[in-house]
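Trainee: the following block contains a protein sequence and its predicted model.
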Amino acid sequence: MRSRHARCTTNVLALLMLLAISIIWPSHKAEAQEVQGAEANPYETRKQLFESMSALTGIPWPYLAAVDQYERAMNRKQQQEKKERIIAIHFPDKLWSGALNPNLSDTDPRTISLFHGIGRDGNGDGRAEPDNDEDVLYTMAQIILKHGTTQTDFRIGLWEYYQKARSVERIWQFARIYEHYDRLDLYKHAFPVPVRSDYSYRSTWGAARGWGGRRIHEGTDIFAGYGVPVRSTNYGIIEVIGWNRFGGWRIGIRDLNNVYHYYAHLSGFDKKWKAGDIVEPGDVVGWVGSSGYGKPGTQGKFPPHLHYGLYKDNGFTDWSFDPYPSLRQWEREERKRRQRR
């Protein structure tokens with residue numbers, strides 16, 4: 001009897017243990033998935049690193065994020081080769097270790113300093129490694145900190161490193177956008193006109209144009225009726241707004257990928273916008289018109305449409321590229337979002 005009782009007790013305990021495991025395991029699994037999902041978010045991971053370095057150096061995290069994003073936008077090919085890196089900032093070996101250093105792979109902060117290299121130890125492990133995100137970010141912070149942590153100090157430090165006003169202005173624009181939204185995940189897009197409106201477009205980039213001299217068409221024409229809202233396609237900052245003899249009433253917006261978005265032939269602007277304002281996808285910036293090809297106010301020399309152009313900054317000038325593939329993608333994405341509502 002005792003043996004049967006013992007077996008029964010054992011079976012009951014086993015069932016209770018299985019029941020407990022079935023209750024506890026899913027919650028632990030969910031927690032593990034949640035942690036894994038959090039670690040997989042590259043924007044949050046980068047932001048945490050920027051915030052940690054900000055606490056250490058006193059430099060506002062949007063400033064550090066802006067420098068990193070500028071390097072990311074300018075060196076995309078290099079980023080693809082260094083996928084394990086979180087930070088996009090990269091220093092040449094001679095600059096990091098010192099031009100006269102016989103060991104260009106030197107990671108000893110003492111000899112790097114001896115040869116006037118810029119490499120610094122940012123995580124306290126006694127090494128200054130050019131492929132370590134904390135060391136690289138701390139080194140950039142020290143370059144900026146030569147003058148202080150104010151806005152003016154930041155711009156002076158950037159100028160001394162990049163030696164280009166263009167680079168300083170781009171980084172400052174990015175910093176303002178990050179500061180405004182307090183996050184890094186700012187890459188959603190919208191189609192330039194409401195997808196529910198009546199419009200049409202096709203690939204017209206590179207076609208010949210004759211007015212004002214022989215040139216190519218540097219954009220995609222989206223034909224729509226007068227007064228159809230024209231919207232920002234991206235998070236960005238308004239660089240120019242006003243009249244251009246080719247584009248008429250036009251507006252130019254710079255995004256975080258260092259791409260300039262050009263909206264032309266507008267009938268007018270929303271009066272609340274001015275140069276330096278920050279916009280986001282879907283913000284109405286003006287309306288479809290037929291302005292341009294003449295002095296300020298010229299209208300009606302062609303059917304109403306939006307000329308939409310994209311220009312990439314290579315560090316010295318902007319060059320045009322075909323916006324049609326991006327427009328098709330953003331149109332599909334917006335239609336899908338509307339279907340999910």
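Mentor: Right, received. Where do you want to start?
Trainee: quick one: the strands in the chain, in order.
Mentor: Remark: strands assigned in the chain by DSSP state E are 199-201, 208-209, 215-216, 220-224, 229-231, 236-244, 248-255, 259-269, 278-279, 284-288, 305-313, 318-321.
Trainee: relative to residue 118, which of those is closest?
Mentor: Proximity to residue 118, assessed across these by Cβ to Cβ, is greatest for strand 305-313 (25.2 Å). For every residue, glycine as well, the C-beta is placed using N, CA and C.
Trainee: please name every helix or strand in contact with the closest one.
Mentor: strand 220-224, strand 259-269, strand 318-321 (3 or more Cβ pairs under 8 Å, 6 or more residues apart in numbering; DSSP states H and E).
Trainee: now those strands in a markdown table, with distance to residue 232 and mean pLDDT?
Mentor: Shown next, in a markdown table, are these (distance: least, Cβ to Cβ, whole Å; pLDDT from 0 to 100):
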| stretch | distance to residue 232 | mean pLDDT |
| --- | --- | --- |
| strand 220-224 | 14 | 95 |
| strand 259-269 | 8 | 96 |
| strand 318-321 | 18 | 88 |
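Trainee: so which of those strands comes closest to residue 205?
Mentor: strand 220-224 (6.1 Å).
Trainee: what is that closest one packed up against?
Mentor: strand 199-201, strand 305-313, helix 324-340.
Trainee: of the ones you listed, flag the one that's most buried.
Mentor: Each of these was scored by mean neighbour count; the highest is strand 305-313, a mean of 22, by mean count of other Cβ atoms under 10 Å.
Trainee: only alpha carbons, please: show that strand as CSV.
Mentor: The C-alpha coordinates for strand 305-313 follow below in CSV (Å, rounded to 0.1, in the frame of the first residue of the first chain):
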residue,chain,number,x,y,z
HIS,A,305,1.6,69.9,-61.5
LEU,A,306,4.2,69.4,-58.8
HIS,A,307,7.8,69.1,-59.8
TYR,A,308,9.4,66.8,-57.2
GLY,A,309,13.2,66.5,-57.2
LEU,A,310,15.8,64.7,-55.0
TYR,A,311,19.4,65.8,-54.6
LYS,A,312,22.2,64.0,-52.7
ASP,A,313,24.9,66.0,-51.0
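Trainee: residues touching residue 268, list them.
Mentor: 249, 286, 287, 289 (Cβ atoms under 8 Å, 6 or more residues apart in numbering).
Trainee: is it true that residue 66 touches residue 172?
Mentor: Yes - taking Cβ atoms under 8 Å as the definition, residue 66 is a contact partner of residue 172 at 7.2 Å.
Trainee: between the two, which one's more packed in?
Mentor: residue 66 (25 against 17; other Cβ atoms under 10 Å).
Trainee: who touches that one in this structure?
Mentor: With contact set as Cβ under 8 Å, 6+ apart, residue 66 has these partners: 171, 172, 173, 174, 175, 178.
Trainee: for residue 132, give its distance to residue 89.
Mentor: According to Cβ to Cβ, to the nearest Å, residue 132 stands 11 Å off from residue 89.
Trainee: do residue 221 as well
Mentor: 39 Å.
Trainee: out of the helices and strands packed on strand 220-224, which gets nearest to residue 73?
Mentor: Per Cβ to Cβ, nearest to residue 73 of the helices and strands packed on strand 220-224: strand 305-313, 7.9 Å.
Trainee: residue 331 against residue 195, yeah?
Mentor: Yes - counting by Cβ under 8 Å, residue 331 touches residue 195, with 6.2 Å between them.
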